[in-house]
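Colleague: please work out how this folds:
(3 chains)
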Amino acid sequence: MDYGLKPLGREKLWLWLMLTPTLIGLTFGAIGSLLATLGLSLFNWDLINPPQWAGAENYIQLFQNKDYIEAFANTLKFSTLYVPGVVVISLLLAVLLNRKIRGVGFFRTVYFLPTVTSAVATALVWNMIYGKETGILNFALEALGFAPVCWLCTDNAMMSVVIVNVWGAVGEGMIIFLAGLTAIPRDYYEAASLDGANDFQRFFRVTLPLVTPSVFFQTLIAAINAFQAYDYIYMLTRRGQGDSSVPVAVYSIYRNAFHFFRMGDASAQAIQLALLVAVFMAIMFWWERRYVVYE
Amino acid sequence: MKKLWFVLVIASLLLAACGGGAKPAAGQGPVEITFTMWGAPEELAVWQAVVDDFHKVNPNIAVKVDVSDWDSYWTKLNTLIAGGTPPDVFAMDAPLFLDWQSRGALLNLQPYIDANPGFLDGIYPQTLTAYKTADGYYGLPRDFQTIVLFYNKDMFDESGVPYPNEDWTYDDLTAAALMLTRDKDNDGKVDQYGFWSDTWDMELLWSEAIWAYGGEIISADHTKTLIGEGGARDAWAFIDNLYKEGVMPTPTAAGEFGLDLFQSGMAAMTTIGHWAVPGYVQSGINFDVAPMPKGPAGRATSVNSAGFVIAKDSKHPDAAFEFIKFALGETGQTKLAQLGFAIPVLKSVAEGDAYLKQPGELNQKVFLDSLAFARMKPVFKGYEEWAGVVGDGLIPVFDGEAELNAALDEIIVAADEVLAKNK
Amino acid sequence: MSKPIYKTILDVVAYAFLIFGALTMLLPFLWMISVSLRVPAEQFSRNIVPNPLTFQNYFDLFRDLPDDAFFYLTFNSFKLSILTVFGQVLTCAMAAFVFAIVKFKGRDFLFALLVATLMIPPQVSLIPNFIIFKYLGWIGTQLPLIVPAFWGGAFGTFLLRQYFLTIPRDLVDAARMDGASLFDIFWRIYLPLSKPAVAALSIFVFKDAWNDLLHPLVYLPTNMHKTTLTVGLAFFQQQLQMGGKFTVLMAGAFLSILPLLIIFFIAQKQFIEGIALSGVKR
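Modeller: Next up is the predicted model:
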């Protein structure tokens, strides 16, 4: 990308001064997470004894590990439902709530509420809402004359879990899009109106192109969140004292590392997941270069 | 002005943070050891009391207690150990013991035991075996749990069903559960189940049933899963039937009513250990206990223990062992008995007033007498992974989405793979 | 100029969508509060108004908690969260400004590396990071929770960079002509213009720091005076779930999010309504 200005003279000093905290963090983060995970994925380590060299063994085993393949497939399925859901709904909300309408403050507040709570707390109440016998959702269905649905049974669990995750994330997306929308210079709209553009045309010709930096950011963050989604899923689909009926990749990573003492396997799984995110990110950056409009 | 105020707040918070980082200079004199365990808030208070008593006797050793809930405990413990900063003494669940011992995480306690002749004499031998290896003990039990049948007296009285007794068989249990399953308000939904127990882990119901029906769980050399052979299939049929008859809610349905339906007053009977008692009392359940029912091959229950281990890399192993010794002595075990969560491993305390004469009308002796026909909950390498394969595999069966015998066949193959992997 | 008919229809559809959505958003909270005020026998009732209404569940929750624990736990949570917000906003904004505005060698590589650190799940990097902090001697102190907040972060930098990129560049050129330094441009032009994004980042960071269970658990002693409210309440909630005491459980859940809600409502004007309804003027 060739945007940006060339630093002159003393500006160079400022540049590095302002970057210093991030460079420290980056060194730490690159070593502590990227390099360490990459390194550990080449060893077998039980967390106690010195790690044993394993080479590519952990990666080869990934393809034979039925549990991980199932978990990984679930993660993919979850992501394809979750990412478009979050991006589209939160953009829609932001556009609707960026107008001078009655109650805009109330609506913004209400949609943002799930964002300022914790998954631990709200998963508990969603569990009650989804209850087959006692849940209010089935109560509403029955009142309308429909048959009750087993929301958290194997067949429906994925959909129910996606709904809760989207519920918890649209507020954050909405705020990011709202912030993005405010940066669109007012005269663009005025110019479009003078050209006789109607609301739809203004949305597609002015709003959407100019909000693409936020779309880019939000899609990428939603994808990363989707690949690492875990807390709601685990808490909603844990049955009895058992484990999750919708195992996802991060759950498999956690179990391998902390319960089965196979840090090498866990790291290989994490790298594989990261690679997938990286591919997605590369596509997004390519897309950014082509389509994202920066001022 | 506003900005200055803001800067002051941040600066003082930062100062407070740095102050927290200061450590007392290390030196001679008193040693400090750390003891971490999983448990409930009440347990933290009791262990703090045990630690205070210990400190009075051993003024040179200070013990720092750190209690977390079960899930958090293992995450934290693994991180501390992998990071090379293990706690000196930590709690161990017997089935997981071999996973830790075989990785060399634990200190061999045999030299200390040898140096204290007679130390183990007063302890129930059934509780010791789990921690014994070819070259001695790598851990010691703290307390033990036998599984018994709990029943809600009010619900039995209301339905006019006689209380469970020592002659009960599993068929009697099913028959009583059928009578106790009720739809009180006639809305077409069950609002009192005859029975409920956790069937994910083996400890609460299915290991007992398999043994009572003449089956086995795992081969002696820990290479073969035996839960599909001989009498074991009959035990599974018994459990499957409880679900099919609707006297026990399916695992997914049970989730709606909390993790323990007996405690939430939704079930008339359950099979569980002594750790559940304080919760049941607190919830105001009017209950008593009976021994596990008999099966065609006799009566069986499971005995399991929580224990103490010392980290191999502990810097103060002597002090750590002193603490374990104290916790297993009269004072420590008496405090533990009064806590009411478990049965002390020290015979003199378990068979004395501290345990048997606890407040309430509960027949405490049933837990103790069950030792006579109790079998140890299996301890083997890869236990947790194996239990996950079996438990997760059975859920679709009990939810009514899969057929029992076909699922069992698949589970056994996968479970044997786990055993091979953890050899 | 009269309103075209399609606009009215659109407004009605929009309102219907917003109201339905708002109810969906609110339902779990209303339900949580409702259950927390019920007597245990009514916990599965489908009536949202508690009858009878009781505060007993909140007292039950505190029965086992030492007297001063709640104070210490809340104080620790606030302290860590405020410091994290301060550190993150400052350091992320500086880096985001540089990444967005200045052209220098290695910029795209550094930025890609930064975003890449987001891709490793924290469950895996926990142990390597723990080992690094051990060598620094910080285990058992709050430093592993505070210091990293002051060395930037991928999420915050990324979010602010995307926002900075949309600010009209001619503002920079003008300031540069007047001889303003890079930091001046950041401090006097970009930061003030970015209030909505900074506000959004602040609340995201605050929430994440407040709700973090994993890191305080591992780095701090689990002690009712030293750890955070989230860790402390998790410890007290574990057995409630066993007995299906949803009334007390909901009281605990509500209490754990209450401080966040209060902060949010206090700051709400700034954060939500403060986001202007129309674009920047230039």
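
Colleague: verify the stated contact: C:D60 with C:G252.
Modeller: No: taking contacts as C-beta atoms under 8 Å, C:D60 lies outside contact range of C:G252: 9.5 Å. Placement of C-beta: from N, CA and C, glycine included.

Colleague: these two: which has the busier surroundings?
Modeller: C:G252 (24 against 17; other C-beta atoms under 10 Å in any protein chain shown).

Colleague: from C:N51, how far off is that one?
Modeller: Applying C-beta to C-beta, to the nearest Å, the value for C:G252 to C:N51 is 22 Å.

Colleague: residue nearest the middle of chain C, spatially speaking?
Modeller: C:K207 (2.3 Å; C-alpha atoms, centre = their mean).

Colleague: point me to the residue of the stretch 51-200 of chain B nearest chain C.
Modeller: The minimum distance from the stretch 51-200 of chain B to chain C, using C-beta to the nearest C-beta, falls at B:D69 (4.0 Å).

Colleague: and that residue, how far from B:L44?
Modeller: 11 Å.

Colleague: quick check: neighbours shared by the two?
Modeller: Common contact partners of B:D69 and B:L44 (C-beta atoms under 8 Å, 6 or more residues apart in numbering or on different chains): none.

Colleague: buried ones in stretch A:48-57?
Modeller: For stretch A:48-57, burial by neighbour count (16 or more other C-beta atoms under 10 Å in any protein chain shown) applies to A:48, A:54, A:57.

Colleague: name the nearest of the residues you listed relative to chain B.
Modeller: Using C-beta to the nearest C-beta, the buried residues of stretch A:48-57 come closest to chain B at A:I48, 4.7 Å.

Colleague: helix/strand/coil for C:K226?
Modeller: With DSSP: H, G, I helix; E, B strand; the rest coil as the basis, C:K226 sits in coil.

Colleague: wait, it sits on C:L217?
Modeller: No: taking contacts as C-beta under 8 Å, C:K226 lies outside contact range of C:L217: 11.6 Å.

Colleague: between these two, who's got more neighbours?
Modeller: C:L217 (23 against 18).

Colleague: show the pLDDT at the more buried one.
Modeller: Confidence at C:L217, expressed as pLDDT, is 87.

Colleague: all helices for the stretch 301-423 of chain B, in order.
Modeller: Taking DSSP state H, counting those that start in this stretch, the helices of the stretch 301-423 of chain B run over residues B:317-327, B:330-339, B:347-350, B:353-356, B:365-369, B:383-398, B:404-421.

Colleague: buried set for the last one?
Modeller: This means helix B:404-421. The neighbour-count check on helix B:404-421 (16+ other C-beta under 10 Å) flags B:404, B:407-408, B:411-412, B:414-416, B:418-419 as buried.

Colleague: ok, now the second one?
Modeller: Counting neighbours by 16+ other C-beta under 10 Å, one finds that the buried residues in helix B:330-339 are B:331-339.

Colleague: ok, now which ones touch the residue nearest to C:P40 when sequence neighbours are not counted?
Modeller: Nearest residue to C:P40 in three dimensions, chain neighbours excluded: C:T247, at 5.3 Å (C-beta to C-beta, 6 or more residues apart in numbering or on different chains). Applying C-beta under 8 Å, 6+ apart, we find C:T247 in contact with C:35-36, C:38-40, C:43, C:57.

Colleague: if you set the cut-off to 6 Å instead, what comes out?
Modeller: Shown in contact with C:T247 (C-beta atoms under 6 Å, 6 or more residues apart in numbering or on different chains): C:35, C:38, C:40, C:43, C:57.

Colleague: give the full set of residues in contact with the first one.
Modeller: Yep, that's C:V35 we're talking about. Contacts of C:V35 by C-beta under 6 Å, 6+ apart are C:246-247, C:250.
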